[in-house]
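Participant: sharing a sequence plus its predicted fold:
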Amino acid sequence: MYENISGEVKTISKTNVSVSTEGVDLYISDKPFVIESFHYGTTSKGSLNPRLWSYENRNGGGFSNIFTLAKGGSGGRTTAVSNAIALYGSPYFDVSQFDVANKRYSFFLKRPIYMPTGGRLSIQGLTSYTGGESVSYHVVIRES
């Protein structure tokens, strides 16, 4: 499907990674790549969120987060924290487990995502996040 993406396939897996206030970078590249799959789970229902930043180098404009969500009824947008994905749905993620009582939240990517100008995949906290949560993830990337 992506003729220019025929390079190495990388698998990145980590379990129970503590997320600092700076977040955790899962993958960064300035070259085209495809996220073939991405499954993550977190102990946070409202603080941690996946972010996919597309680097728009031809405009010199920096990064913009792709994984924001439209809020139902309000017309606004929100960060893709666990409870927002479960409540509003997501064009990118399906819920595989959302167990509020036991603090188990798990999501997987619905379909591959092509990043033609490269980008950065990370797990970040909201601006009010003070640390103490963890994340586990499994990512498959196909590089150019």
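Facilitator: Now that the structure is in, tell me what you want to look at.
Participant: which residue is nearest the middle of the protein?
Facilitator: Most central in the chain under C-alpha atoms, centre = their mean is Pro50, positioned 2.9 Å from the mean C-alpha point.
Participant: hang on, isn't that residue packed against Phe38?
Facilitator: Yes - between Pro50 and Phe38 there is a contact at 7.5 Å, judged by C-beta atoms under 8 Å. Using the backbone N, CA and C atoms, a C-beta is placed for each residue, glycine as well.
Participant: who's in contact with the residue nearest to the centre of the chain?
Facilitator: If a contact means C-beta atoms under 8 Å, 6 or more residues apart in numbering, then Pro50 has Phe38, Tyr40, Phe67, Ala80, Phe93, Phe107, Leu121, Ser122, Ile123 as its contacts.
Participant: ok so, going back, residues shared between the contacts of Pro50 and Phe38?
Facilitator: Here Pro50 and Phe38 have Leu121 as joint contacts, going by C-beta under 8 Å, 6+ apart.
Participant: looking at it, Ser13 is touching Val135, isn't it?
Facilitator: No - shown here, Ser13 and Val135 do not form a contact pair, counting by C-beta under 8 Å, at 11.8 Å.
Participant: of these two, which one has the most company?
Facilitator: Neighbour comparison, Ser13 and Val135: the larger count goes to Val135, with 22 against 10 (by other C-beta atoms under 10 Å).
Participant: part of a strand, is that one?
Facilitator: Yes - according to DSSP: H, G, I helix; E, B strand; the rest coil, Val135 belongs to a strand.
Participant: distance-wise, check Gly118 relative to Phe33.
Facilitator: According to C-beta to C-beta, to the nearest Å, Gly118 and Phe33 sit 7 Å apart.
Participant: more neighbours, those two?
Facilitator: Using other C-beta under 10 Å as the criterion, Gly118 and Phe33 rank with Phe33 on top: 25 against 18.
Participant: who's in contact with the more buried one?
Facilitator: Under the criterion of C-beta under 8 Å, 6+ apart, the neighbours of Phe33 are Ile5, Tyr27, Met115, Gly118, Gly119, Ile141, Arg142, Glu143, Ser144.
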